[in-house]
Structures are given as C-alpha cells and as structure tokens.
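Colleague: Next input, structure requested:
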Amino acid sequence: MALTEFLEIIHDIAKAIGDQPLDSNLNTLLNDRFSRKGEKFSRLSALCAQGEAEGWLMQREGGGVKFGRAVKPGTDAGRFSVDVVRMKDVVGPHHIHTTGEIGAIMPISGKPKFDGMPEGWYVYPPGSDHNPTVTGGDAYVLYLLPDGKIEFTGK
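Modeller: Numbering: from 1, shown residues only. Just a heads-up that it's a prediction; the model follows:
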C-alpha cells in the first residue's frame, strides 16, 4: 500500500535526522543520504502524487495551496510532524519555525524553486521565518517540523 511505503520512507528520514541540530551539516547529510537523484527521493515524490490522487495527502486547499498534515508528531516520524503542500507560482502565508523546519522540494512541472532553492532538501533553523514561495512551476514541498511546531503570523 502506498501510504505504508510513504510512512516507511518518512520513518527512515526522521531516524537519520534524529536529534541533530538544524543546520547546514544536516542539510548536507539529507542531500547526500536521500539525494534528489536517489531512489527514495524519487519514490517519495511519486508517493506524494499518488497520495494526492487517492486523497490521503493534501486534503485541504486555500490561497492557491493544497496542504495537509500527513503525520502527527510522536508517531511514524518520531518527534516530527510531516506536512505536504502543493504550490504553483504562489506565495504562501507567513510563519515562524519556532523549532526549525526540514523540507524536500519535489518538482511536478516546470523548473520550480522554493524560496529560490531548486529540487532537493533544505533546513531552516529554529526561529527562522518566511513566506513560503514557489516560482517557475509546480512543486510538492514535504516538510518536517520538530514537535509539530509552527506559528502563522498573519503578516
């Protein structure tokens, strides 16, 4: 089943992250171990598409963004929650990563960039903030939040 495979990959990623600091070393580790050119990253992208089609991912939509929480903290991803969004040439709502954010950018069409970054992994440290922005195409962005913490500001 696709959901089971999705959760297995998420578990592997969360286990690799463990309690490491959210910094450039973690970014390097993720881009090496779960490379955008690797089988697990490719499968994760395909499973996001399948989950969207089957309705078990991204069940909500607002402001041109499809979104949904796939995993609650304290379950399949350890201390992390896992959310998946689909964005196409859109600016999302401003928020603060109170405990940080770890994400994967997975293109669907075009040459999308998320906050100016191409396909692959990114790591935002605790206290960082942004308006998540996708330009140049359509993409899934899967992100892990330590303890599921995020603060939407309304800015």
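Colleague: and Arg43, how far is that from Thr135?
Modeller: Here the criterion is Cβ to Cβ, to the nearest Å. By it, Arg43 lies 26 Å from Thr135. For glycine as for every other residue, the C-beta is placed from the backbone atoms N, C-alpha and C.
Colleague: what separates the helix or strand hosting Asp12 from the chain centre, distance-wise?
Modeller: Element membership for Asp12 (DSSP states H and E) is helix 2-17. Offset of helix 2-17 from its chain centre (Cα atoms, centre = their mean, to the nearest Å): 13 Å.
Colleague: So what touches that helix?
Modeller: 26, 29-30, 33-34, 40, 43-44, 47-48, 50-51, 54, 56-57, 70-71, 76-80, 82, 102, 144 (Cβ atoms under 8 Å, 6 or more residues apart in numbering).
Colleague: Go again with 6 Å.
Modeller: Contacts with helix 2-17, where a contact means Cβ atoms under 6 Å, 6 or more residues apart in numbering, come from 33, 40, 44, 47, 50, 56, 76-78, 80, 82.
Colleague: So for the one helix or strand Pro107 maps to, what gets flagged as buried?
Modeller: In the assignment (DSSP H and E), Pro107 maps to strand 101-114. Of the residues in strand 101-114, those buried by neighbour count under the rule 16 or more other Cβ atoms under 10 Å are 101-108, 112-114.
Colleague: got the angle for it vs helix 2-17?
Modeller: 110 degrees (axes from the mean of the first three to the mean of the last three Cα atoms, to 10 degrees).
Colleague: counting contacts, what elements does strand 101-114 pack onto?
Modeller: Helices and strands touching strand 101-114, by 3 or more Cβ pairs under 6 Å, 6 or more residues apart in numbering; DSSP states H and E, are strand 120-124, strand 133-146.
Colleague: Quick one: those strands as TSV, columns for mean pLDDT too.
Modeller: Shown next, in TSV, are those (pLDDT from 0 to 100):
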stretch	mean pLDDT
strand 120-124	98
strand 133-146	98
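Colleague: wait, which of these is closest to Asp89?
Modeller: strand 133-146 (6.1 Å; Cβ to Cβ).
Colleague: Give me the angle between the closest one and helix 2-17.
Modeller: Going by the same axes, to 10 degrees, strand 133-146 makes 70 degrees with helix 2-17.
Colleague: Return the list of helices and strands in contact with the helix or strand following strand 133-146.
Modeller: Next in sequence after strand 133-146, counting helices and strands by DSSP H and E, comes strand 151-152. With contacts taken as 3+ Cβ pairs under 6 Å, 6+ apart, strand 151-152 sits against strand 95-97.
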